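Enquirer: Pasting the sequence and the predicted coordinates here, then a few questions.
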Amino acid sequence: MRTLTKRVFNTSRATAETTAETDQSQEAAMSEPLLALRIESESTGTGEAFGRLEGDEPVARDTVTPRPARENSRHAQAHESAIKHVTGRARYIDDLPAPHGALHAMVGLSDVAHGRITRLDLGAVMEMPGVIDVITAQHIPGHRDIGPVFPGDPMLADEEVSYVGQPLFAIAATSYLEARRAVKAAVVEIAPLPPRFDPVAAADAGEFVRPTHVQMSGDWQQALEHAPHVLEAEQFVGGQEHFYLEGQACLVVPGEDEGVTVYTSNQHPSETQKLVAEVLDIPFHAVTVENRRMGGGFGGKETQAAPWACMAALLARRTGRAIRLRLPRAEDTRATGKRHPFHNRYRLGFDDEGVILGGDMTLIGDCGHSPDLSEAVVDRAMFHADNAYSLGAARVTGHRARTHMASNTAFRGFGGPQGMMIVEQAMDDIARHVGEDPLTVRKRNLYRIGRDTTHYGQHVDQYPLMVEIIERLERSSDYWQRRDEIRAFNRQSAVIKRGLALTPVKFGISFTAKHLNQAGALLHVYTDGSVMINHGGTEMGQGLHTKVCQVVARELGIDFESVRISATRTDKVPNTSPTAASSGADLNGMAARDAATQIRQRLLDFAAEHYQFDREGLHLENGKLVSDIGAVTPAVSWGELIQAAYLGRVSLSATGFYSTPLIHYDRDSGQGRPFYYFAYGASVSEVRVDTLSGEYRVERVDILHDVGDSLNPAIDLGQVEGGFIQGMGWLTSEELKWNDDGRLLTDGPATYKIPTFGDLPPIFNVELLEGHPNSQASLYRSKAVGEPPFMLGISVWSALRDALSSLTGYRVSPPLDTPATPERVLMAAEALRAGPANVGASR
Amino acid sequence: MIEFFLNGQRQRVATEPETSVLELLRGPLARHGTKEGCASGDCGACTVAIASPEDGQQSLTYRTANACITPAHQLQGAHLITVEGLARGDALHPAQSSMVACHGSQCGFCTPGIVMSLFVMHEQQRSAPGMPLDDHRLEAALGGNLCRCTGYRPIRDAALSMSEHADTRPPWADDPTLERAVRELSPTVASEGQSGYLTPTTLAELTAAMQRHPEARLVAGATDLWLEATQRLEPFEMLIDLRQVRELRQIEETADGWWIGAAVSYREWEPLLVEHYPAFAHLLTRLGSAQIRNRGTVGGNIANASPIGDTPPVLLTLDARLRLAGPQGMRELPLASFFLDYKKTALEPGECVAAIYLPKPQANFEQRVWKLSKRREDDISTLLGAFRWRRKDGVLSDVRVAYGGMAAIPLRVEAVEAALEGRKPDQATFRTARQALHDSLTPMSDARGSRDYRLTAAVNLLERWRLTLVDTGSNDPAQEVILDAYAH
């Protein structure tokens, strides 16, 4: 390929080219002699074409040399940024170089949960050193309400405040510290109104952010009336702070037109583009939103990254200067919503074997002050109130309670975990009631022949997989032998009690908002054969970009290093869905595959004609064009093929698109097929509890999880392990506490305790289920893996209840609200010791 | 103006008293590899390695620190290593290559901090290759680095497999002149007074400086003080650093005990406790994180007078005394007389804690220290019970009982001591003791625990204590009354 530039007509250019070439390694120059020869021979007699090559055309002098790849897409490829992560070269928002004169923005937050703003005097703020600009709701030229789905979220509070931590005003100053100090100078007077913090009281009073939704199957009342046994109980399931290590942050650079470029730590660039444009009252095409990577998202940057970008954008347009905005940890934690706390109730009828006949479940999600995503979050809780079990004739009711709290939002599992908790509590309670091991009762209630349709009318595809996973895990974890040992131990041990539990997970995959189940991609092949793929998904550590690059490499038969993603940008792929609902790879991987398939087809069509190969049997493999038919056909290298295709005027750019088939849900009837498929998994946890102090340790965990045919086993394993630990943290040590005025007390890692190194169970056996491809035509028959493993953590909570139950000889199923901190565990133990009469589920 | 080395390169920069190492790195020095996760020393994302002059080691010894709460001025005379300073071109340091090979990073934001903790662990391993990398060491080294993505398994694997990777040395490690160049830097900050940061080297200089600058704040490990800078944004008019004051850095052995200098770090104090007070030493493994223990001091833990400080209740049961230095010289005070009210102490203006006297354990000495917290590692006590006694012929004597987290100050509970003194530890005696405890304390509810829980758990710790006094003579795990992870 060096021939291309050596055959020059212009001598001065030739000198420059030769100098440049001396920098190239000898090895690279030697690697593609064939290509050089070929192109030279190609070009013979087409001097005109060569004449044009001497201009500024984009034909590369060297091409990439794809290494022979082992089955690219199945390979446990390391994270595409791994080396950048460990050397500190990976850039996050606050690491980006800002244009000269960039300002730092900071946000003034409400100290009052509910009230009317009677005075917002920012004169003193303007006088503080370094302050350049101050904005309030009055300064917004466009939409003041930036509610993502439904209205209810003012960008800056106007007249009324609805939670402690609500943004009131924003400022720009010449330094971060000056900005932080200046905010404190504001004079804010708020006339308090009575706040509401109790979601149950809110539900009783009909205070909802969205209407109540009900799903029903069969005659649940009759089922309850005729059931031999009926139990009812309630539980409180705590919320969870995302604790992404990189807090909310953005950098907004004003452009030469009316628009801005927004660099933001953000799971939903398209929505932020829309909101910024609407706040500024400018067209969407004037706003470009970019994200290279996030330092963690977990749902916390799906809708709640946008407000900061909107404020920074307004300040950027007003000052004409770039704006950096980064929330300090405590402000971030107070201002943004969390996983929804839930109050759940069940009333279930069952037979002597503990098999559920039917009943009634009520889920009350604490949504905070506005709808945000709560409609869908509570829906998903309702869709998972069955977890892996057939509820029979059941009614499931979901309330969206309005409280004066930050607006609770997406968090890994999106309501699913909170919904599952009630049926898992019921399984334990029923087992104690009928005197069986909880695992036995769980197994009896799994979806099965004749009981294979959910309470919302979806047939449970692949339900036998759940049975298989549980049975394999039962054996590999020695469940029954350990059960006997633990029972014997607990009979002997007065203070220390051991607990064991196996809990399943069945998680529905698809956005329940149907229109979000679409994705786009943009693929370019450059003339050196290197490939750029952009898609609508964002990278937050889950390895999405790695997987998408693997998909493209596999489709084009080239190696991983030849494919790169620059960043997620709204000007590359428009109108994207959030990276959420575990759908990142399912949707964007399919869109990328579509784009790559188009390119491949074009290349093969071109090659068949150009090289006079038989089109049938041509394919791309290990960086070469090869043919199955006619072994005499010489292989053509990827680089050569691309250059030939370019010269042959074949478009080397394609957009890809995907939309999930088959899904639908009718909210009026509460019936449909909201999920394309289900992902399955199960975990066994063993705990050791000190019933005098409430301290406990998770001693052993065994997990078997279904990801279909894995796209990348290393990344999938990381999702399963990380999801489990995060789920365990949610149910154990991560406690959100507010004072009586609605101010969050646990607003940083000093008081809010996510799992740390020593919380990793000493025995942690995690396996991906092999040999069970997705029954649906998903991306290479893989399954989504982001959220489902989170709910594997429920086995820890159930094991704690098991240990506590041993205090009563396993007769009583103790209530244990979450998070099950040492405090809650101790108080539960004390209550059991004081007398089990009034403890537990009641008839 | 401070002078130090950064990844082998000499630096001379001007900085403000309240500027942290992290702010210096990410601001004027434009090193963005070190991340801010919390700015309160709780997450470890900003972990760096520092070899400090006052360590007085034979060769430069690198210790982890949270850059977000380490004063930039404390870099004076030190060698600071950040994540940018490990790899040699494309050749990764084992702390890095093992993380890549084990898929130890996902979002990557905590990764630079984890790499730095692994780097220090690797350096320790190089200097003492025989030391096993057991769970205890791993937890001690990595417990202060939060990761929200991985669940830690791959990070544990990376830690355990570093030795299997090519032992690439950082570029600066080749420089034979570096160590001397670092040591030739002054350990004290130049241009006193102008900088707002004083580094006295003797007690006399210290007390004189305190008199000259009554507005000054004292700083040693800065692990608590710096929260005022990063969380409350309070500017410090003047800081006086205790870390170079010779008398405050010594451990002086007497016939009956030790005078521990107030600026001795937890880490430096630990070997003495391991030898003589293993229960106390065990508590230190759960005090903060390695990053905190490397810099925090026992003098700070006492003078800070927090009701939930970990060491004061233990020291109360050991009859510790304090040496207070002031303009009129030294005076001694029993620790029990030091804590007056919430965050209020017996220190007079111009006075500081100079040393803590720790008596040697007497014959038949026994001790238990139990800290209860939401999370085992890197958490602050919800409550802490400290018990110390002697036992002869089955009778308890010299009983001391103290609690943290149960009142506005760390508190000795004399009613409980009286109930137990001179008695056999039988059920009836302890029933009386529990009642006495219940009647003596009125804890409060806060983010860490409710009043009821605190009281119930505090009373239960007495029952745990009683049970440990019953010698069953069996190794049957079913007779255990405390979880292994909390036992000492």
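Expert: Here it is on my side, so go on.
Enquirer: residues near A:Pro762, how many?
Expert: Per other CB atoms under 10 Å in any protein chain shown, the neighbour tally for A:Pro762 reads 12. Where C-beta positions appear, they are placed from N, C-alpha and C, glycine not excepted.
Enquirer: show me where pLDDT drops low in the stretch 1-150 of chain B?
Expert: B:54-58 (pLDDT under 70).
Enquirer: So for whichever residue of chain B sits closest to chain A, what's the nearest residue that isn't a sequence neighbour?
Expert: Closest to chain A within chain B is B:Gly33: 2.2 Å, counting by CB to the nearest CB. Once flanking residues are discounted, B:Gly33 sits nearest to A:Gly88: 2.2 Å by CB to CB, 6 or more residues apart in numbering or on different chains.
Enquirer: From A:Asp95, how far out is the one you found?
Expert: Going from A:Gly88 to A:Asp95 by CB to CB, to the nearest Å gives 9 Å.
Enquirer: Name the residue in those two with the higher neighbour count.
Expert: Neighbours per residue (other CB under 10 Å) separate A:Gly88 from A:Asp95, with A:Gly88 holding more: 25 against 20.
Enquirer: quick one: the more buried one and B:His32 touch, right?
Expert: Yes. A:Gly88 is within contact range of B:His32, at 7.3 Å (criterion: CB atoms under 8 Å).
Enquirer: so what's in contact with these two at the same time?
Expert: Overlap of the contact sets of A:Gly88 and B:His32 (by CB atoms under 8 Å, 6 or more residues apart in numbering or on different chains) is empty.
Enquirer: got a pLDDT number for whichever residue of the stretch 201-350 of chain A sits closest to chain B?
Expert: Distances between the stretch 201-350 of chain A and chain B by CB to the nearest CB are smallest at A:Gly295, namely 2.9 Å. Per-residue confidence (pLDDT) for A:Gly295: 98.
Enquirer: which stretches of the stretch 651-800 of chain A form strands?
Expert: Here the stretch 651-800 of chain A has its strands, by DSSP state E, counting those that start in this stretch, at A:653-659, A:664-666, A:671-673, A:677-690, A:696-705, A:763-768.
Enquirer: The longest one pairs with which strands?
Expert: When sheet partners are counted by DSSP bridges, strand A:677-690 sits next to strand A:496-509 (antiparallel), strand A:696-705 (antiparallel).
Enquirer: And for A:Ala488, the neighbour number?
Expert: The burial count for A:Ala488: 11, using other CB under 10 Å.
Enquirer: Identify the residues contacting it.
Expert: So A:Ala488 contacts nothing (CB under 8 Å, 6+ apart).
Enquirer: if I've got this straight, it is in a helix?
Expert: Yes. Counting by DSSP: H, G, I helix; E, B strand; the rest coil, A:Ala488 is part of a helix.
Enquirer: and it, what pLDDT?
Expert: So A:Ala488 comes in at 97 (pLDDT).
Enquirer: Any idea which of the strands of the stretch 651-800 of chain A gets closest to A:Thr756?
Expert: A:Thr756 lies closest, by CB to CB, to one member of these: strand A:696-705, at 13.0 Å.
Enquirer: How are the helices of the stretch 501-650 of chain A distributed by residue range?
Expert: Here the stretch 501-650 of chain A has its helices, by DSSP state H, counting those that start in this stretch, at A:544-556, A:584, A:590-610, A:638-647.
Enquirer: can you tell me the residue of chain A closest to chain B?
Expert: Closest point on chain A to chain B, by CB to the nearest CB, is A:Gly88, at 2.2 Å.
Enquirer: show me the contacts for that residue.
Expert: B:31-34, B:82-84, B:112.
Enquirer: Leaving out sequence neighbours, find the closest residue to A:Gly681.
Expert: In space, and not counting its chain neighbours, A:Gly681 is closest to A:His705: 3.7 Å by CB to CB, 6+ apart.
Enquirer: Which strand residues bridge the one you found?
Expert: A:Gly681, A:Leu768.
Enquirer: wait, it sits on A:Pro713?
Expert: No. Counting by CB under 8 Å, A:His705 does not reach A:Pro713; the two are 11.3 Å apart.
Enquirer: shared neighbours of those two, anything?
Expert: Listed as contacting both A:His705 and A:Pro713 by CB under 8 Å, 6+ apart are A:Leu768.
Enquirer: and B:Ala400, how many residues sit next to it?
Expert: For residue B:400 the amino acid is Arg, not Ala. Look at B:Arg400: counted by other CB under 10 Å, it has 23 neighbours.
Enquirer: correction: B:Glu417
Expert: As a burial measure, B:Glu417 scores 21 neighbours (other CB under 10 Å).
Enquirer: tell me the pLDDT at it?
Expert: On pLDDT, B:Glu417 comes in at 98.
Enquirer: Ignoring the adjacent residues along the chain, who's closest to it?
Expert: Distance criterion CB to CB, 6+ apart; nearest residue to B:Glu417, sequence neighbours excluded, is B:Val399 at 4.7 Å.
Enquirer: Could you verify my assumption that the one you found touches B:Ala415?
Expert: No. Using CB under 8 Å, B:Val399 makes no contact with B:Ala415, being 11.4 Å away.
Enquirer: Return the residues of the stretch 351-488 of chain B in contact with chain A.
Expert: B:370, B:372-380, B:382, B:446-450, B:452-453, B:456-457, B:460-461, B:463-464, B:467, B:476-486 (CB under 8 Å from any CB of the partner chain).
Enquirer: Any quick PyMOL command for the buried ones out of those?
Expert: Buried residues among those (16 or more other CB atoms under 10 Å in any protein chain shown), as a PyMOL selection:
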select buried, chain B and resi 370+372+373+374+375+376+377+378+379+380+382+446+447+448+449+450+453+456+457+460+461+463+464+467+479+480+481+482+483+485+486
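Enquirer: Select from the residues of the stretch 351-488 of chain B next to chain A every entry located in strands.
Expert: In this view, those that belong to strands under DSSP state E are B:370, B:372.
Enquirer: gap between B:Thr19 and A:Asp741?
Expert: In this view, B:Thr19 and A:Asp741 are 34 Å apart by CB to CB.
Enquirer: Comparing those two, which residue is more hemmed in?
Expert: Just comparing B:Thr19 and A:Asp741: by other CB under 10 Å the higher neighbour count belongs to B:Thr19, 21 against 14.
Enquirer: Can you tell me who A:Tyr696 pairs with across the strands?
Expert: Here A:Tyr696, judged by DSSP bridges, has bridge partners A:Val689.
Enquirer: Spit out the contact partners of it.
Expert: A:687-690, A:800, A:803, A:822, A:825, B:483.
Enquirer: Show me which residues of the stretch 101-250 of chain A are close to chain B?
Expert: Going by CB under 8 Å from any CB, the residues of the stretch 101-250 of chain A near chain B are A:177, A:180-181, A:184, A:242-247.
Enquirer: cutoff 6 Å now
Expert: A:180-181, A:243, A:245-246 (CB under 6 Å from any CB of the partner chain).
Enquirer: ok, and the most crowded of these?
Expert: A:Leu245 (30 neighbours).
Enquirer: Which strand or helix spans the nearest residue to it once chain neighbours are set aside?
Expert: Distances taken as CB to CB, 6+ apart put B:Phe109 closest to A:Leu245, at 4.0 Å, once the chain neighbours are dropped. Using DSSP states H and E, B:Phe109 maps to neither a helix nor a strand.
Enquirer: Just list the residues touching B:Phe109, thanks.
Expert: B:Phe109 sits next to A:245-246, A:295, B:35 when contact means CB atoms under 6 Å, 6 or more residues apart in numbering or on different chains.
Enquirer: Mind doing that once more with 8 Å?
Expert: Taking CB under 8 Å, 6+ apart, we find B:Phe109 in contact with A:92, A:244-246, A:295-296, A:541, B:35, B:37, B:45.
Enquirer: likewise A:Gly681?
Expert: A:469, A:504-505, A:703-706, A:720, A:769, A:788-789, A:791-792.
Enquirer: what's the most distant pair in those residues?
Expert: A:Leu769 and A:Met791 (15.8 Å).
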